[in-house]
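A.B. asks: sequence unknown, structure follows:
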Ligand SMILES: [Zn+2]
């Protein structure tokens, strides 16, 4: 009966090692798949989203635009002048 406890521990350790190895394999496979996706998304972010300036009608990159929030809605302007014009006469 005394031998049963160490045997159970060894089996338990083997089971643990197997599950860890399987976890490592699946996580490495997942990281390979995930690695390709952010690169595509990242290139999309670099391109930038374009929004129309409501004052002069120019399309501006939202990353570099002059922003103003009006009634909870963010508007994008090509310059501070357009933002000021919109503030005066929305
Ligand atoms: Zn403008």
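C.D. replies: Alright, I've got the coordinates. What you are looking at is a predicted structure, and each value in this text was computed from that prediction instead of being measured.

A.B. asks: Please point out which parts of stretch 79-89 sit buried.
C.D. replies: 82, 83, 86 (16 or more other CB atoms under 10 Å). Every residue, glycine included, has its C-beta placed from N, CA and C.

A.B. asks: and which of these is nearest to the ion?
C.D. replies: Nearest to the ion among the buried residues of stretch 79-89: residue 82, at 3.3 Å, using CB to the ion.

A.B. asks: Could you report the separation of the closest one from residue 19?
C.D. replies: Separation of residue 82 from residue 19 (CB to CB, to the nearest Å) stands at 60 Å.

A.B. asks: if we can go back for a sec, now the buried residues of stretch 79-89 as JSON lines including distance to the ion, secondary structure and pLDDT?
C.D. replies: Putting the buried residues of stretch 79-89 into JSON lines (distance: CB to the ion, whole Å; DSSP: H, G, I helix; E, B strand; the rest coil; pLDDT from 0 to 100) gives the following:
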{"residue": "82", "distance to the ion": "3", "secondary structure": "helix", "pLDDT": "97"}
{"residue": "83", "distance to the ion": "8", "secondary structure": "helix", "pLDDT": "97"}
{"residue": "86", "distance to the ion": "9", "secondary structure": "helix", "pLDDT": "96"}
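
A.B. asks: As TSV, the residues you listed with distance to residue 14 would be great.
C.D. replies: Shown next, in TSV, are those (distance: CB to CB, whole Å):
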residue	distance to residue 14
82	69
83	67
86	69
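
A.B. asks: Tell me which stretches of this protein form helices.
C.D. replies: 4-47, 80-88 (DSSP state H).

A.B. asks: For burial, what's the neighbour tally of residue 53?
C.D. replies: Neighbours of residue 53 under the rule other CB atoms under 10 Å: 19.

A.B. asks: who's in contact with it?
C.D. replies: 59, 60, 65, 76, 77, 78, 82 (CB atoms under 8 Å, 6 or more residues apart in numbering).
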